[in-house]
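Visitor: Pasting the sequence and the predicted coordinates here, then a few questions.
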Amino acid sequence: MKIGMITQWYEPETGSAAHPTAIARAIHARGHDLKVLTGFPSYPQGAVHSGYSMSLRHHETRDGIQVMRVPDVPSHDQNAIRRALSLVSFAGAATANVGWLKDVDVILTYLTPATVGAAAWTLNRLHGVPYVLYVQDLWPETVTASGFIRNERMSSVVERSLTSMLRRLYSRAAGVVTISPSMAKTLSTRGARSEPISIPNWVEGDVFRPPAPGWTPQLPPGRTWMMYAGGIGDVQALHNSVRAMSLLSDRPDIGMAFVGDGVARAGLEQLARELDVHDRVTFLGPRPMEQMPALMAEAAAQVVSLLDLPLFRATIPSKVQASMACGAPVVCAVAGDAADLVTASGAGIAVLPESADALAAAFRDMADRGEEGRRQLGEAGLRAYRAQLSAEVGAAHLEQVLQTAARSR
């Protein structure tokens with residue numbers, strides 16, 4: 001089967017932007033020809049990566065997968081206008097070049113942002129190519145409920161426009177896949193012609209797995225470290241992890257490590273200084289993805305955190321799967337499906353989101369369990385990941401959806 005994929009993000013981008021690559025590789029590994037229409041890599045810094053120069057089209061082949069890159073306005077900061085330009089510019093460039101995919105049997109659309117769907121919708125209208133939506137987050141809630149647009153009237157206009165666009169997009173989709181059960185249930189009421197199903201994201205199995213012994217330590221010795229690894233933005237509510245450290249003044253043995261970068265990092269560093277916990281809070285900056293399993297293994301637990309917003313209760317941050325795949329215990333400060341997964345799998349501790357007190361208690365709990373107690377949590381998470389969430393499991397389910405969609409052409 002010839003499959004086209006449309007995604008604004010693709011390797012060599014890292015963090016959350018690496019997920020489309022993991023999906024593409026897993027589908028390609030099942031014997032399908034794959035073509036990917038994407039943008040120029042700019043995540044998370046908001047500038048085009050070294051080795052690339054923005055042009056009208058750029059063709060390359062990565063691991064046997066054909067890739068065509070089209071231009072956009074790179075931006076990953078909190079400026080609403082620049083972010084909007086980034087999303088709209090890629091949607092326009094992808095739509096203008098979507099004819100490159102007219103020879104495929106089916107399109108897999110990695111739907112975040114929602115504007116990516118314009119290219120798949122246009123290809124379907126012009127050439128009849130069916131498309132499957134892989135919905136990563138709920139829109140318009142992602143834009144409106146998070147307060148990204150401060151002007152109430154403008155937020156209302158955006159909400160109505162996105163809702164109308166998405167209903168048309170769902171109604172023509174040959175399949176709708178979401179990353180969580182709650183998200184599938186929500187989208188079942190939004191005009192999809194086929195019943196949405198849930199296939200949680202997976203991570204790169206060649207990278208995210210328990211590390212072999214003998215790695216070089218990178219964290220300062222003498223402390224039991226909690227770790228957050230990923231994009232450091234406002235929606236992650238990571239100030240609560242820093243505040244939790246100020247509530248653990250009686251436990252100088254517990255530390256908090258941040259791995260990654262983002263717009264909220266400077267504020268977290270300032271908060272650590274203000275609370276006088278900067279000696280127990282360390283910022284390691286970004287690290288190559290292949291180094292992450294060994295770095296994660298140095299920590300007692302991986303922290304997953306989001307704001308307590310209704311839209312986040314229907315999502316499962318990929319850091320949960322990455323931690324489970326590496327056999328790392330999880331402290332989950334996300335309500336809803338993510339907390340249910342961590343609890344049901346036995347992979348760690350779920351706490352109330354946006355609560356420094358709850359995080360402090362969880363950090364204390366993880367430290368007090370000792371290495372053996374934490375090892376048991378990690379092993380339980382790893383077993384659950386392999387049985388329910390791995391690339392082999394997820395790609396097989398997604399393949400079935402794509403094959404059914406292709407037959408509808």
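Guide: Now that the structure is in, tell me what you want to look at.
Visitor: Strands of the stretch 201-350 of the chain, residue ranges please.
Guide: 224-229, 254-259, 281-285, 301-305, 330-333, 348-350 (DSSP state E, counting those that start in this stretch).
Visitor: Residue 135: which of the ones you listed is closest?
Guide: Closest to residue 135 of these, according to Cβ to Cβ: strand 301-305, at 20.0 Å. Heads up, the C-betas are built off the backbone N, CA and C, glycines and all.
Visitor: Roughly how far does residue 177 sit from residue 298?
Guide: 35 Å (Cβ to Cβ, to the nearest Å).
Visitor: Which one's more surrounded, those two?
Guide: Neighbours were counted for residue 177 and for residue 298 using other Cβ atoms under 10 Å; residue 177 has more, 26 against 17.
Visitor: so that one touches residue 195, yeah?
Guide: No. The pair residue 177 / residue 195 is not scored as a contact, 10.8 Å apart, by Cβ atoms under 8 Å.
Visitor: residue ranges for the helices of the stretch 251-400 of the chain, please.
Guide: With DSSP state H, counting those that start in this stretch as the criterion, the stretch 251-400 of the chain has helices at 265-274, 292-297, 318-325, 337-345, 356-384, 391-407.
Visitor: whoops, the stretch 101-250 of the chain was the one
Guide: Using DSSP H, counting those that start in this stretch, helices in the stretch 101-250 of the chain cover 117-127, 141-144, 152-172, 181-187, 239-246.
Visitor: now the third one and helix 117-127, what's the angle there?
Guide: Interaxial angle, helix 152-172 versus helix 117-127 (axes from the mean of the first three to the mean of the last three Cα atoms, to 10 degrees): 40 degrees.
Visitor: In terms of secondary structure, what does helix 152-172 contact?
Guide: The elements that helix 152-172 packs onto, with contact taken as 3 or more Cβ pairs under 8 Å, 6 or more residues apart in numbering; DSSP states H and E, are helix 117-127, strand 131-135, helix 141-144.
Visitor: if you set the cut-off to 6 Å instead, what comes out?
Guide: Helices and strands touching helix 152-172, by 3 or more Cβ pairs under 6 Å, 6 or more residues apart in numbering; DSSP states H and E, are helix 117-127, helix 141-144.
Visitor: Format these as CSV; extra columns: distance to residue 164 and mean neighbour count.
Guide: Formatted as CSV, the helices and strands packed on helix 152-172 follow (distance: least, Cβ to Cβ, whole Å; neighbours: other Cβ atoms under 10 Å):
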stretch, distance to residue 164, mean neighbour count
helix 117-127, 13, 20
helix 141-144, 14, 20
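Visitor: Would you tell me which of the ones you listed gets closest to residue 377?
Guide: Across those, closest to residue 377 is helix 141-144 (Cβ to Cβ), at 30.9 Å.
Visitor: What mean pLDDT does that closest one get?
Guide: Mean pLDDT, computed over helix 141-144, is 78.
Visitor: next one: stretch 330-344
Guide: Stretch 330-344 comes out at a mean pLDDT of 97.
Visitor: most tightly surrounded among the helices of the stretch 251-400 of the chain?
Guide: Using mean count of other Cβ atoms under 10 Å, the stretch among the helices of the stretch 251-400 of the chain with the largest mean neighbour count is helix 318-325, at a mean of 28.
Visitor: tilt between that helix and helix 356-384?
Guide: 50 degrees.
Visitor: Helix 318-325 - contacts with which helices or strands?
Guide: strand 301-305.
Visitor: One more pass at 10 Å, please.
Guide: Here helix 318-325 touches helix 19-29, strand 224-229, helix 292-297, strand 301-305, strand 330-333, helix 337-345, strand 348-350, helix 356-384, going by 3 or more Cβ pairs under 10 Å, 6 or more residues apart in numbering; DSSP states H and E.
Visitor: who wins for proximity to residue 135 among these?
Guide: Nearest of those (Cβ to Cβ): helix 19-29, 12.7 Å.
Visitor: Now do the helix or strand following the closest one: which elements does it pack against?
Guide: For helix 19-29, the succeeding helix or strand toward the C-terminus, using DSSP states H and E, is strand 33-39. Secondary-structure packing of strand 33-39 (3+ Cβ pairs under 10 Å, 6+ apart): strand 2-6, helix 19-29, strand 58-62, strand 65-70, helix 80-96, strand 106-111, helix 117-127.
Visitor: Where does the prediction get shaky in the stretch 101-250 of the chain?
Guide: Scanning the stretch 101-250 of the chain for pLDDT under 70 picks out the ranges 145-151, 154-155.
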